[in-house]
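Asker: Dropping a prediction and its sequence here:
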Amino acid sequence: MLKRILSLTVILGILLCCAALPAQARTYTPPRLVGDVDGDQNVDVIDATFLQRHLAGIAIPFEFDESAADADENGTADVIDVTHLQRWLIDLDQQLNISQPVYIWGDRSTMSPYEGEGSQDLIITRICMDHFFAVPYLPLPVMYRINGSISDHWCVGDHVTCTFNNTYADDYDRIEGDLLTIDESDFVPDPDVDYKPVIYLYPEQETQVNVTLDLNGEWLTSYPAYENGWTVTAAPDGTLTDDSGRTYPYLFWEARLNADYDLSKGFCVRGEDTESFLQEKLAVLGLSESEIADFTGFWLGFMERNPYNVITFQTDAYTEAAKLHITPQPDTVIRVFMAWYASDEAVDIPAQELTSAQRSGFTAVEWGGRMVR
């Protein structure tokens, strides 16, 4: 669970930082880390010392970044943050997000108000002392900040239904509201829907890329809007920028495909073992740590409480129903699609042989899935 939490929050932190960049800033720089006062991409005792010096009015040899020094993410860097850093360094305080990417967030004066109360099915991605961050199940890569503390019952990766008011939004798909209620979500995937195929593009240098899909089935949604294809400028770190300067972490689509998925071979996995199973197999199939975090962040909440899950990874049945065309042509294309169903008892199924994927050159990666029963 800890590895899932860390990997999920890392990729979503990077996603949010990228979304907050101005349109012309396409050169990738690593995000600042919570607690990394001196900006060396490492949190250590030197950071606590520099913070103490700054608070005492002693000059430090770099520009002070309060967002990185704010260890408890309450909006202010103070002596309490020094204590948090010291406790974290000796493993006494593991409840904060120290060493994880700083989340870039504006204030409400730069956001536009929404009228009325909001209600949304969300996946929790980060928990702070007096607020938490979450993303919706479907369909957009929007980030929510919900103000209000939540109990220790909830953790990163939980699927919840939240109601909130005093809602504001900005032009970077960031939405903020004040928490009213939080409950476990009863959302269940539709077995007729192929969920969240997302496409990542990693050229070796900044490149304009065109992507099209030939689908045997019914389009449901896409983001950004699919208008006879997508044309974006892709950076080596995966950031995608459209003609208006808006940035995206991936291309997103959903559909009802006319595909006859092959369930004759696969894996029967206990619910509590699903996370470790997916991490292992997705790595074999070629997904990176951050892509695995995206995948498990979406699917695991539907799977880990089942007695068993029968899992298969589709090849021709999927790729023939959703033909992907990318120009210029990537050197490596990795398409991972999981078809699965829950079972109350163990299912005897022949093991599926998986082919290991290796990345080289311009790499395109896609993942998606369907709950088939």
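Answerer: Cool, the structure landed.

Asker: start to end distance for stretch 164-178?
Answerer: End-to-end distance for stretch 164-178: 5 Å, by CA to CA, to the nearest Å.

Asker: Buried residues of it, list them for me.
Answerer: F164, T167, Y168, A169, D170, Y172, D173, R174, I175, E176, G177 (16 or more other CB atoms under 10 Å). All C-beta spots, glycine's among them, are computed from the backbone N, C-alpha and C.

Asker: where's that stretch relative to the chain centroid, distance-wise?
Answerer: 19 Å (CA atoms, centre = their mean, to the nearest Å).

Asker: and if you look at stretch 311-323?
Answerer: The chain centroid and the centroid of stretch 311-323 are separated by 23 Å under CA atoms, centre = their mean.

Asker: Give me the residues contacting it.
Answerer: Identification of contacts with stretch 311-323 by CB atoms under 8 Å, 6 or more residues apart in numbering yields 194, 197, 213-217, 255, 257-263, 265-269, 274, 277, 281, 285, 335-340, 352, 354.

Asker: now, which of the residues you listed lie within strands?
Answerer: Among those, DSSP state E puts 197, 213-215, 217, 255, 257, 267-269, 335-340 in strands.

Asker: Now restrict those to buried residues only.
Answerer: For these, a neighbour count by 16+ other CB under 10 Å gives the buried set as 197, 213, 215, 255, 257, 267, 269, 335-340.

Asker: and the residues you listed as TSV, adding distance to L33 and pLDDT?
Answerer: Below are those laid out as TSV (distance: CB to CB, whole Å; pLDDT from 0 to 100):
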residue	distance to L33	pLDDT
P197	31	92
L213	37	97
L215	41	96
A255	38	95
L257	40	97
F267	36	98
V269	34	98
R335	33	97
V336	29	97
F337	34	97
M338	32	98
A339	38	97
W340	35	97
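
Asker: Low-confidence ranges, the stretch 51-200 of the chain, go.
Answerer: For the stretch 51-200 of the chain, the stretches flagged by pLDDT under 70 are 115-117, 138-141.

Asker: Assign G157 to helix, strand or coil.
Answerer: With DSSP: H, G, I helix; E, B strand; the rest coil as the basis, G157 sits in coil.

Asker: Number of residues surrounding S119?
Answerer: When counting by other CB atoms under 10 Å, one arrives at 12 neighbours for S119.

Asker: Helix or strand for it, just tell me which one.
Answerer: strand 118-127 (DSSP states H and E).

Asker: so after that strand, what's the next helix or strand?
Answerer: Using DSSP H and E, the helix or strand that follows strand 118-127 in sequence is strand 131-136.

Asker: So which bits of that following strand are buried?
Answerer: H131, F132, F133, A134, V135.

Asker: now stretch 120-140
Answerer: For stretch 120-140, burial by neighbour count (16+ other CB under 10 Å) applies to 120, 122-128, 131-135, 137-138.

Asker: now do stretch 220-234
Answerer: Going by neighbour count (16+ other CB under 10 Å), the buried part of stretch 220-234 is S222, Y223, P224, Y226, W230, V232, T233, A234.

Asker: pLDDT of that stretch, averaged?
Answerer: Stretch 220-234 carries an average pLDDT of 92.

Asker: Can you give the distance of that stretch from its chain's centre?
Answerer: Per CA atoms, centre = their mean, the centroid offset for stretch 220-234 relative to its chain is 19 Å.

Asker: how far does it stretch from start to finish?
Answerer: 25 Å.

Asker: For the closest residue to A69 other than its chain neighbours, list the residues it contacts.
Answerer: Leaving aside its chain neighbours, A69 sits nearest to A77 (3.8 Å; criterion: CB to CB, 6 or more residues apart in numbering). A77 makes contact with L51, H54, L55, E66, A69, D70, A71 under the criterion CB under 8 Å, 6+ apart.

Asker: which one of the residues you listed sits closest to I326?
Answerer: Nearest to I326, judged by CB to CB, of the contacts of A77 is D70 at 40.9 Å.

Asker: That's all I had, so thanks and see you.
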